[in-house]
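Colleague: need a 3D model of the following:
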Amino acid sequence: MLLIYSIFSVLLVFSASASIVEDAEFGVTKPVLNTARLLVSKQSHSQYAVENMDYVIQYDIFNIGDQPARQVVLDDRNSFPTQSFEIVKGLLQVRWERIAPGENVTHSITLRPRNYGVFNYTAAAASYFPNENSKDVRVVYSTAPGEGYIYRQKDYERRFSSKIGVWIIYLLIAGATIGFPYFLWNTIQTKYPSTNVRKQK
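Modeller: Numbers count the residues shown, from 1 in each chain. This is a model prediction of the structure:
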């Protein structure tokens, strides 16, 4: 009985050690996944979304698993319908043949909103095969910026655009109010010079 228990204990320790990989660099252990695991981030690189102006979205895909992800497809066509957004640069559906373990890839698109108002930025979907032999497609979703507002172009320019033109007009008006009286005074002084009469004793 003791022999059977010892053999069982050895097998249990062996199986546990086989399912754990030690990271020599950090001295920590982590379980073996035997699968790819993708994390997808979706974020805006533009501070504001403005009607008829470029708006940049970036996607980051990280494989935190220990197997390569195969036939990865990132699809965000449902988030940006063509009747509401013009695609200036990039694609809303992209493919990668494989993403190795520990690797990350980045993709960005440039859009131009056709209308202004409240808009809901939904998550992008990524599908992939989690290992070399898998025949089942796994689907994950990105982070979602959520509800945002697309500014009307006129409102944006009035609020955020450079005020150089306004300052130039202000300086011209201020210069005219100071310069014109000085010009009149200088003309009178030139035309009618004042004479100093000295009284002689």
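Colleague: all contacts plus neighbour counts: C-alpha atoms, from now on.
Modeller: Noted.
Colleague: where does the protein have low pLDDT?
Modeller: 1-32, 161-167, 193-201 (pLDDT under 70).
Colleague: one more time with 90, if that's ok
Modeller: Along the chain, the parts satisfying pLDDT under 90 run over 1-34, 44-48, 66, 78-79, 81-84, 119-121, 131-135, 144-149, 153-201.
Colleague: all strands for it, in order.
Modeller: Taking DSSP state E, the strands of the chain run over residues 20-23, 28-31, 38-44, 49-50, 55-63, 69-75, 85-89, 93-99, 104-113, 117-121, 125-129, 138-141, 146-151.
Colleague: need those in CSV with mean neighbour count, can you?
Modeller: Shown next, in CSV, are the strands of the chain (neighbours: other C-alpha atoms under 10 Å):
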stretch, mean neighbour count
strand 20-23, 12
strand 28-31, 11
strand 38-44, 20
strand 49-50, 24
strand 55-63, 18
strand 69-75, 21
strand 85-89, 16
strand 93-99, 15
strand 104-113, 17
strand 117-121, 14
strand 125-129, 22
strand 138-141, 16
strand 146-151, 14
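Colleague: using JSON lines, lay out the ones you listed together with distance to T177.
Modeller: Shown next, in JSON lines, are the strands of the chain (distance: least, C-alpha to C-alpha, whole Å):
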{"stretch": "strand 20-23", "distance to T177": "77"}
{"stretch": "strand 28-31", "distance to T177": "76"}
{"stretch": "strand 38-44", "distance to T177": "48"}
{"stretch": "strand 49-50", "distance to T177": "39"}
{"stretch": "strand 55-63", "distance to T177": "44"}
{"stretch": "strand 69-75", "distance to T177": "62"}
{"stretch": "strand 85-89", "distance to T177": "48"}
{"stretch": "strand 93-99", "distance to T177": "61"}
{"stretch": "strand 104-113", "distance to T177": "45"}
{"stretch": "strand 117-121", "distance to T177": "43"}
{"stretch": "strand 125-129", "distance to T177": "63"}
{"stretch": "strand 138-141", "distance to T177": "64"}
{"stretch": "strand 146-151", "distance to T177": "38"}
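Colleague: residue contacts, the residue nearest to I57 when sequence neighbours are not counted?
Modeller: The shortest distance from I57 to any non-neighbouring residue, by C-alpha to C-alpha, 6 or more residues apart in numbering, is to S44 (4.6 Å). Listed by C-alpha atoms under 8 Å, 6 or more residues apart in numbering, the contact set of S44 reads 55-58, 145.
Colleague: for A125, same thing?
Modeller: 74-76, 139-142.
Colleague: R37 now?
Modeller: 63-66, 69, 130.
Colleague: swap in N120?
Modeller: Applying C-alpha under 8 Å, 6+ apart, one finds that N120 lies in contact with 146-148.
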